[in-house]
Each structure stands twice: as C-alpha cells, then as structure tokens.
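A.B. asks: curious how this folds, go ahead:
(one chain, ligands or ions: 1)
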Amino acid sequence: MNQDIAKLRRDYLTAPLRRSHMDPDPLVEFQRWFASAIEREPHEANAMTLATADAQGRPSARIVLLKEVDRGGFVFFTHYASRKGVELESNPQACLVFYWPDQHRQVRVEGRVERLEVEASDAYFQSRPRGAQLGAWASQQSRPVASRSELDDLWASVQDRFPGQEVPRPAHWGGYRLMPSVVEFWQGRPDRNHDRIEYRLEGEGWQRSRLMP
Ligand SMILES: Cc1cc2nc3c(=O)[nH]c(=O)nc-3n(C[C@H](O)[C@H](O)[C@H](O)COP(=O)(O)O)c2cc1C
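C.D. replies: You can find the predicted model right below:
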C-alpha cells in the first residue's frame, strides 16, 4: 500500500483516546493494547526499548523482548552481568518504550526493577530451544571479544558441555520485572493533535491525567 494512504488510514480510522473509556488499571489497559498489537503488528509486537542508567545517571538503551506481564510487572530476560544488568544492579530504575507503527501507538513505562524469582527464571529458561540455552552459557554478554572466530570457538566449546541432559540455567542469566509507577499511552491523531493519557501511582491508587502532545 502507498505509504501516504497507509498513514491516512492509520490516522483517521483510529478513535480518539478517552480517559473515561480506559481501564482504571494501566496494566489491564496495557494488555488490551498489547493484544491489539500482537494481532496487527507484523513484527515482534513484544519488542521494547529498555532504558537504564548507571550510578552516575548516564543513560543507555537497547531493545529487549517482553515475555510476560505478571504480578503487576513487565518481565524480560537477559544476562545479569551485561551492561544493562550491571546498571540495573546499581540503579534499579528503568524505562520501557513500545512503538507500534501500524496503529500509530506508543506506550512508555517507568518504574523500579527487581530480579525475577529463580523458579520463574528456571521455568522460562527450560522453555527455550537448546541452542539458545547453550548460547546463554557461551556468551558473556556485552564483554569485548577478540574476533568472530573466538566467538565461534566459545559457541563450539559449550556444545558438548551437557551431553544427554537438560541444560541448566546459568546463574548469570535470568529475568527482571519492572514494577510500573508511571505508564503513558500515546495515540497518534491527525495534525499532530495526539492523545496522551498518563497513569501515575499515587499512594495505593493510579491517577490519570491527559498530557498535551
Ligand atoms: C528485536 C531484538 C530483541 C532482543 N531481545 C533481547 C532480549 O530479550 N534480551 C537481551 O538480553 N537482549 C536482547 N536483544 C539484544 C539487546 O538489544 C542488546 O544488544 C543486548 O542485550 C546487550 O545489551 P547491553 O550491552 O546494553 O546490556 C534484542 C535485540 C533485538 C534487536
């Protein structure tokens, strides 16, 4: 489809966001948006930008995959000694951004990050393909490596490490859960007159505000 027509469709077929139509719980609202994204977005609707910062407040960001929304938080998996892992250990505040272009939507989530329970990390690790499990043993994510051939050697060296048995989860690999304190839903509208509804945790409850675009 012609790009301009696609954009016009996207803009004019999307109903405006009304605060009163949105669920009082941002996680319930998120699940609705996410279900719609999974249905409509052609690629990895669960890809999200994860922004962290080191102890001095210097930011970094990268894409990771959302694997679950549970116990009130957003779950992803990674290497605990990677750059993001090190930053999260010293500064457990993070921000997630989802972008769903086909629906002209963005969601931003801010909050505190905690490590997932070991049982939950084990269960997810066991659900992964064996090659990915072995990769978690081979890679010291974010560390420099001298060459591609050294990396290939590292991969080769773990292939026979667990012959005929389940690959256990390495202690350096597992999940994090981001517990949201701010969630913003952004819906693109014509003439850049976009809708933005922000949920902010105040005490025990969520307060909603409309923000200017
Ligand atoms: C589509 C996509 C999905 C990714 N998913 C993950 C993921 O779920 N976990 C992860 O550790 N890295 C994932 N990565 C790689 C990260 O973006 C990043 O390169 C890696 O985690 C190292 O980041 P760091 O050095 O900032 O810690 C993904 C990359 C892309 C492009």
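
A.B. asks: which strand in the chain runs the most residues?
C.D. replies: Across the chain, the strand with the greatest residue count (assigned by DSSP state E) is strand 173-187.

A.B. asks: for it, packing partners?
C.D. replies: For strand 173-187, the elements it packs on are helix 26-40, strand 73-79, strand 105-115, helix 118-127, strand 195-202, judged by 3 or more C-beta pairs under 8 Å, 6 or more residues apart in numbering; DSSP states H and E. All C-beta atoms are positioned from the backbone trio N, CA, C, and that covers glycine.

A.B. asks: of these, which is nearest the ligand?
C.D. replies: strand 73-79 (3.3 Å; C-beta to the nearest ligand atom).

A.B. asks: and the average pLDDT for that closest one is what?
C.D. replies: On average, the pLDDT along strand 73-79 is 98.

A.B. asks: try stretch 28-39
C.D. replies: Mean predicted lDDT for stretch 28-39 stands at 96.

A.B. asks: now that stretch: how far from the chain's centre is it?
C.D. replies: 14 Å (C-alpha atoms, centre = their mean, to the nearest Å).

A.B. asks: now do the buried residues in it.
C.D. replies: For stretch 28-39, burial by neighbour count (16 or more other C-beta atoms under 10 Å) applies to 29, 30, 33, 34, 37.

A.B. asks: list the contacts of it.
C.D. replies: Contacts with stretch 28-39, where a contact means C-beta atoms under 8 Å, 6 or more residues apart in numbering, come from 22-23, 45-46, 66, 69, 98, 100, 103, 105, 107, 109, 183, 185, 199.
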